[in-house]
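Novice: One predicted model, sequence on top.
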Amino acid sequence: MPKVFYTQPDGEVKVIDGAVGDSVMSTAVRNGVRGIVGQCGGTMSCATCHVYVDRAELGFFPDPSDDEDDMLECTAADRADNSRLSCQLELADGVDLHVTVPDEQV
């Protein structure tokens, strides 16, 4: 079972056991992770699930699609080279993931 480590802007870390195939966003929303809003429910139309992925773990995922890349230009917090929409990050068996929640989403 994959684990997701959600680090808040203040350094607090919440560790959640995720389900293979679920998104990082849906796992966060289902478990009340502060700061991940997911207003659009994962349809990639709001950018309120923006996270910063640990740079060492970016290779676990395909590059952002053109649509995701466009939405990342709309984030409330500054975009970085490790910014992703957590609705587009699917959990995989045996892969733990560390993400940092930005200080603002809306």
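Specialist: Yes, it's here.
Novice: Compute the number of surrounding residues for T75.
Specialist: 21 (other Cβ atoms under 10 Å). In short, each C-beta sits where N, CA and C put it, glycine included.
Novice: if I read this right, it contacts C49, doesn't it?
Specialist: No - using Cβ atoms under 8 Å, T75 is not in contact with C49, being 9.7 Å away.
Novice: Overlap in contacts, these two.
Specialist: Common neighbours of T75 and C49, counting by Cβ atoms under 8 Å, 6 or more residues apart in numbering, are Q105.
Novice: Against E68, how distant is the spatially most central residue of the chain?
Specialist: The centroid of the chain falls nearest to S86 when counting by Cα atoms, centre = their mean (2.7 Å). For S86, the distance to E68 equals 11 Å [Cβ to Cβ, to the nearest Å].
Novice: which residue ranges form the helices in the chain?
Specialist: In the chain, helices defined by DSSP state H lie at 24-30, 66-72, listed in chain order.
Novice: out of these, deepest packed?
Specialist: Per-stretch averages of neighbours, counted by mean count of other Cβ atoms under 10 Å, single out helix 24-30 among the helices of the chain, with a mean of 22.
Novice: Using CSV, write down the CA coordinates of it.
Specialist: This file holds the C-alpha atoms of helix 24-30, laid out as CSV (Å, rounded to 0.1, in the frame of the first residue of the first chain):
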residue,chain,number,x,y,z
VAL,A,24,-3.0,12.1,-4.5
MET,A,25,-5.8,14.7,-4.5
SER,A,26,-8.6,12.2,-3.8
THR,A,27,-6.6,10.6,-1.0
ALA,A,28,-6.0,14.0,0.5
VAL,A,29,-9.6,15.2,0.3
ARG,A,30,-11.0,11.9,1.6
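Novice: Enumerate every residue touching the residue nearest to the centre of the chain.
Specialist: When contacts are counted by Cβ under 8 Å, 6+ apart, S86 touches 23-25, 28, 36, 38, 49-51, 99.
Novice: Restricted to strands, list those.
Specialist: 50-51, 99 (DSSP state E).
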